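Q: here you go, sequence then predicted model.
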Amino acid sequence: MLNILKFPDPRLRDKSRKVEKVGRVIQDLAKNMFETMYDGNGIGLAAPQVGELVRLIVLDIPLIDPVDPQKTKRDPLALVNPQIVWGEGNIQYEEGCLSCPELVVLVDRMKAIRVSYLDLNGKPLELAATGLKAVCIQHEIDHLNGILLVDKISRLKRDLYKQKRLKIAKEEKDMATVL
Ligand SMILES: [Zn+2]
């Protein structure tokens, strides 16, 4: 399990670098990111959130069984060097983020996108996504560019949230010292 960096950790603001070679290191990182994401009940995670400044994101928007909508199936997807090559429309979705606990923000995104990427074998591919999947991919690509959910709220709200997070981080640190 990997440690998820939380706002306002400055490392979340760095721009991630392109992956030059998809090999064992990236495959292992993706595997650990999936575990960490599932453990946190997230639907997406970007490498910089676990302190690795590389352009890798993982997501899993569960597939709903067409016969029995109560049943869902995992649909893990890892994208290396993802790039939006086309997009249109507008969708608003209430987003959360594992790096911004207890924050839910209504964000404007493109409704449909096409993304070019490399898979975990280094094969160049393209995919089309709409709805929640498109929202999630755009959110994770933001992370690769150092953009966070807190950037979508007002300066005042962001300052208040930052104070709250710093207080919690301090308490956690004090707790760690005690333990
Ligand atoms: Zn996030």
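A: It's in. Numbering: from 1, shown residues only.
Q: which other helices and strands contact the helix or strand containing residue 174?
A: Taking DSSP states H and E as the definition, residue 174 sits inside helix 155-178. Judged by 3 or more CB pairs under 8 Å, 6 or more residues apart in numbering; DSSP states H and E, the packing partners of helix 155-178 are strand 100-109. Any C-beta I mention is one placed from the backbone N, CA and C, and that applies to glycine too.
Q: so for the strand it packs on, mean pLDDT?
A: Strand 100-109 comes out with an average pLDDT of 96.
Q: ditto for stretch 157-167
A: Over the span of stretch 157-167, the pLDDT mean works out to 94.
Q: re earlier: list the buried residues of the helix holding residue 174.
A: 158, 161, 165 (16 or more other CB atoms under 10 Å).
Q: which SS state does residue 22 fall under?
A: Look at residue 22: counting by DSSP: H, G, I helix; E, B strand; the rest coil, its state is coil.
Q: how about it: what's its closest non-neighbour residue?
A: Residue nearest to residue 22 in three dimensions, not counting chain neighbours: residue 122, with 3.7 Å by CB to CB, 6 or more residues apart in numbering.
Q: check residue 111 too.
A: Among residues not flanking residue 111 along the chain, residue 89 sits closest, at 3.1 Å (CB to CB, 6+ apart).
Q: what of residue 76?
A: Per CB to CB, 6+ apart, closest to residue 76 is residue 60, 4.9 Å.
Q: give me every residue that touches the one you found.
A: The contact partners of residue 60, taken as CB atoms under 8 Å, 6 or more residues apart in numbering, are 34, 37, 38, 43, 44, 74, 75, 76, 77.
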